[in-house]
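Enquirer: Would you be able to build a 3D model of this:
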Amino acid sequence: MTIKDLTVRADTLVVSWADDTTTAFPTIWLRDNCPSGLHPQTHERLLDLLELDDAPALTEARLAAGHAVLTYADGHISHMPTSLLDAHRPGQRATDPAAIAPRLWRNDLTETTLPRHRGGLIMADDRALGAWMQETSAYGLSIVDNLEDRTSAGVDVAERIGFLRKTNFGTTFEVINKPDPNNLAYTSVALPLHTDLPNQEVPPGYQFLHCLANEATGGGSVFADGFAMAEDLRADDPEAFRLLCEVPIPFRFHDGEADIRVHEPVITLDRSGAVIEIRYNAHLAGIFDMPAEIMADYYRAYRAYMARTRDPRYHLTLKLKAGEMVVFDNRRILHGREAFDPTTGFRHLHGCYVDRGEFASRLRLLARAEGASQAA
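Expert: This is a model prediction of the structure:
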């Protein structure tokens, strides 16, 4: 927005905008964010904040060629871009292209209405990549189809976003029926809805499951929006919701090579109270160890959320076909599987993870490139 006027006060610069609103910028903030205090190539801070006065004194402020030229009593002159002042008004977060509001869903999302994008377009075109990522972020879930018949085809799509997250199961993993499994995913039994690896300090973000073969009887995939279930619990049973947000429980995975465990709550909120993460896996939950006086209430809350995971009103069920890949936010979307009969055909999914931070970074870079293209 255009700046109309600048007013210097004792320890503040007051900016008057074209819409007749005003913003007060403390002088310590202005001096801390002077572009001269940044490295010209890396844009990292070089300024030592302790070298400044508590409230650097402004003597003059004027507008010139898209900048606010600020003169301080110690002789320092700052050329502050007006766009920087507009984008970083105190009390207002800067616009973030990766901050896509979740679109909660229940069984109103179906196999027909589920976001679906073609793998070839995602690989070839950044706009197609961005459109797919935005929808995947909003719904937490999408299908990428028409992938080539090779194991690495799904990994190629994931690496269009960023580097893969390595876990104790490797950088990639094969979801097949194994003779000596260390995880229920490597069996043919039904898997109730869950999130993967809640025992990790930071569970993996987006999961990619590329279907290479799904010929066995059974083996349908089930998904549910963990955020929607949490919000419904908040509305129906606020005390149960509070306990799941505040009381940490143990999660643990252990085999011959690893023993990975944490204490964390099932539901994590941000500072505004919005749900930002679900850790739910009844198979990896350890022995509850909260104080005895709240244990019965906690079990009631935990069972209330568990009951929602079994409720078909939240379920989206589909059977992946060869060449399809399901992509979902593992810290939001719960996933499961119907039992299958391995004697009736082969079932093979190839999986990997990309962390949320990498996903958000790619969205920002795509938005930056799009903005530069429009400005050219």
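Enquirer: got the contact list for the closest residue to residue 189 other than its chain neighbours?
Expert: Nearest in space to residue 189, with sequence neighbours left out and distances taken as Cβ to Cβ, 6 or more residues apart in numbering, is residue 339 at 5.6 Å. (Each C-beta comes from the backbone N, C-alpha and C, glycine too.) Residue 339 is in contact with 188-190, 218-219, counting by Cβ atoms under 8 Å, 6 or more residues apart in numbering.
Enquirer: for residue 67, same thing?
Expert: Shown in contact with residue 67 (Cβ under 8 Å, 6+ apart): 79-82.
Enquirer: now swap in residue 353 and tell me
Expert: Contact analysis of residue 353 by Cβ under 8 Å, 6+ apart lists 164-165, 167, 196, 204-208, 330.
Enquirer: One more pass at 6 Å, please.
Expert: 165, 204, 207 (Cβ atoms under 6 Å, 6 or more residues apart in numbering).
Enquirer: again, but for residue 138
Expert: 100, 103.
Enquirer: which residues in the stretch 51-200 of the chain form strands?
Expert: Using DSSP state E, counting those that start in this stretch, the strands of the stretch 51-200 of the chain run over residues 58-64, 67-72, 77-81, 116-118, 141-145, 172-175, 191-194.
Enquirer: and these, which is most packed in?
Expert: Of all these, strand 141-145 has the most neighbours on average by mean count of other Cβ atoms under 10 Å, namely a mean of 22.
Enquirer: And the pLDDT at residue 178?
Expert: Looking at residue 178, its pLDDT reads 48.
Enquirer: List just the nearest of the contacts of residue 339 to residue 260.
Expert: When the contacts of residue 339 are ranked by distance to residue 260 (Cβ to Cβ), residue 189 comes first, at 22.6 Å.
Enquirer: Save the strands of the stretch 51-200 of the chain as a markdown table, and put in mean pLDDT too.
Expert: Listed next are the strands of the stretch 51-200 of the chain as a markdown table, based on pLDDT from 0 to 100:
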| stretch | mean pLDDT |
| --- | --- |
| strand 58-64 | 95 |
| strand 67-72 | 96 |
| strand 77-81 | 96 |
| strand 116-118 | 97 |
| strand 141-145 | 98 |
| strand 172-175 | 91 |
| strand 191-194 | 93 |
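Enquirer: sorry, back to before: out of the contacts of residue 353, the closest to residue 267 would be?
Expert: residue 204 (18.0 Å).
Enquirer: Dihedrals phi and psi, the closest one?
Expert: Torsion angles at residue 204 (phi, psi; degrees, to the nearest 10) stand at phi -60, psi 150.
Enquirer: State the distance from the residue lying closest to it once chain neighbours are set aside to residue 255.
Expert: Using Cβ to Cβ, 6+ apart and skipping residues adjacent in sequence, the residue nearest residue 204 is residue 353, 3.7 Å away. To residue 255, residue 353 is 19 Å away according to Cβ to Cβ, to the nearest Å.
Enquirer: returning to that earlier point: of the contacts of residue 67, closest to residue 305?
Expert: residue 81 (47.8 Å).
Enquirer: Please determine how far the nearest residue to that closest one once chain neighbours are set aside is located from residue 310.
Expert: Among residues not flanking residue 81 along the chain, residue 67 sits closest, at 5.7 Å (Cβ to Cβ, 6+ apart). Per Cβ to Cβ, residue 67 is found 60 Å from residue 310.
Enquirer: Please enumerate the helices of this protein.
Expert: Using DSSP state H, the helices found in the chain span residues 27-32, 82-87, 119-124, 126-139, 153-159, 226-236, 238-246, 292-309, 356-375.
Enquirer: Just the buried residues of the second one, please?
Expert: Of the residues in helix 82-87, 82, 85-86 count as buried by neighbour count, 16 or more other Cβ atoms under 10 Å.
Enquirer: As TSV, the residues you listed with distance to residue 234 and pLDDT would be great.
Expert: Output for the buried residues of helix 82-87, formatted as TSV (distance: Cβ to Cβ, whole Å; pLDDT from 0 to 100):
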residue	distance to residue 234	pLDDT
82	42	96
85	38	96
86	36	95
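Enquirer: Okay, the residue nearest to residue 81 and residue 92: tell me how far apart.
Expert: For residue 67, the distance to residue 92 equals 20 Å [Cβ to Cβ].
Enquirer: my guess is residue 336 contacts residue 195, does it?
Expert: No - with contact defined as Cβ atoms under 6 Å, residue 336 does not reach residue 195; the gap is 10.4 Å.
Enquirer: The two: which has the busier surroundings?
Expert: Taking neighbours as other Cβ atoms under 10 Å, residue 336 and residue 195 compare with residue 195 leading, 25 against 18.
Enquirer: Can you give me the distance of that one to residue 313?
Expert: As judged by Cβ to Cβ, residue 195 and residue 313 stand 19 Å apart.
Enquirer: for residue 50, same thing?
Expert: For residue 50, the distance to residue 313 - Cβ to Cβ - is 57 Å.
Enquirer: ok, these two, which is more surrounded?
Expert: residue 313 (12 against 5).
Enquirer: can you pull the contacts of that one?
Expert: 106-107.
Enquirer: so how far is residue 110 from it?
Expert: Look at residue 313 and residue 110: by Cβ to Cβ, they are 13 Å apart.
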